[in-house]
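1. pasted the sequence and its predicted model underneath.
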Amino acid sequence: MWTVFFLMFLTTIHAILRKFTLLGGIRDALPITELAMVVLVFCGFAYMQSQKGHVRVDFLVNRLPLGLSKLLEIVTLFIGSGIIWVMFYASITNIIPTYAKGASTMLLKIPFWPFMIVISVGLFFYALTLALHAIDGCIRFSEKPEEEIIKDVDLSTQI
């Protein structure tokens, strides 16, 4: 939320300065916005997955039997987790070269390597959340459905 507030504030001030003054806006506003978007997007991935808030296209899955659709979801989560783990590894390996190059924004000299760390942390938690949801799906897949559990309860013991 702080990143969204910062982006809103930066964009508003930049637009006002560009429109009503001779300053021409905030220098390096575009790279600052890009870096803030990195924080917003990569931290948002894991949060959205933890809330199961990602958009899913269910037109094919809804036509499958319940067991097959659950299995397809589990497989998709494991594949997605594997891909994100590879992206995490790639982002981790890019932190030191980015630091060694001294890569930064043009005018304000904001270094890029801390944002590479943010990317890595965001990808780590996203991959972890995907893996945990896949494991949870496997556990739920092996359990009996609720109506079968209710049928197995001996009603004579309950008063």
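-> Alright, I've got the coordinates.

2. CA only for contacts and neighbour counts going forward, please
-> OK.

3. center of this protein, which residue is that?
-> Nearest to the centroid of the C-alpha atoms of the chain, with distances taken as C-alpha atoms, centre = their mean, sits Phe45, at 0.9 Å.

4. now that one: closest residue in space, sequence neighbours ignored.
-> Ranked by C-alpha to C-alpha, 6 or more residues apart in numbering and with sequence neighbours excluded, the top spatial neighbour of Phe45 is Tyr126, at 5.9 Å.

5. I'd assumed Ile83 was in contact with the one you found.
-> No. Taking C-alpha atoms under 8 Å as the contact criterion, Tyr126 and Ile83 are not neighbours in contact, 10.8 Å apart.

6. more neighbours: those two, which one.
-> Taking Tyr126 and Ile83 together and counting by other C-alpha atoms under 10 Å, Tyr126 has the greater number of neighbours (26 against 13).

7. how near is the more buried one to Leu71?
-> Plainly put, Tyr126 is 21 Å away from Leu71 if you go by C-alpha to C-alpha, to the nearest Å.

8. one more: Ala131?
-> 14 Å.

9. which of these two has more neighbours?
-> Neighbour count, other C-alpha under 10 Å: between Ala131 and Leu71, Ala131 has more, with 21 against 15.

10. quick one: residues contacting Val61.
-> When contacts are counted by C-alpha atoms under 8 Å, 6 or more residues apart in numbering, Val61 is found next to Ser69.

11. pLDDT score assigned to it?
-> In the predicted model, Val61 carries a pLDDT score of 73.

12. kindly report the same for Met116.
-> Per-residue confidence at Met116 stands at 93 (pLDDT).

13. for Ile117, see how far away Ile92 is.
-> When C-alpha to C-alpha is applied, the distance between Ile92 and Ile117 equals 7 Å.

14. sorry, slip of the keys, the one I care about is Thr129.
-> To Ile117, Thr129 is 18 Å away according to C-alpha to C-alpha.

15. okay, those two: which has more neighbours?
-> Neighbour tally, Thr129 and Ile117, criterion other C-alpha under 10 Å: the higher count belongs to Thr129, 22 against 16.

16. once you drop chain neighbours, what's closest to Ile84?
-> Using C-alpha to C-alpha, 6+ apart and skipping residues adjacent in sequence, the residue nearest Ile84 is Ala127, 5.3 Å away.

17. can you report how many residues neighbour the one you found?
-> Close neighbours of Ala127, defined as other C-alpha under 10 Å, add up to 26.
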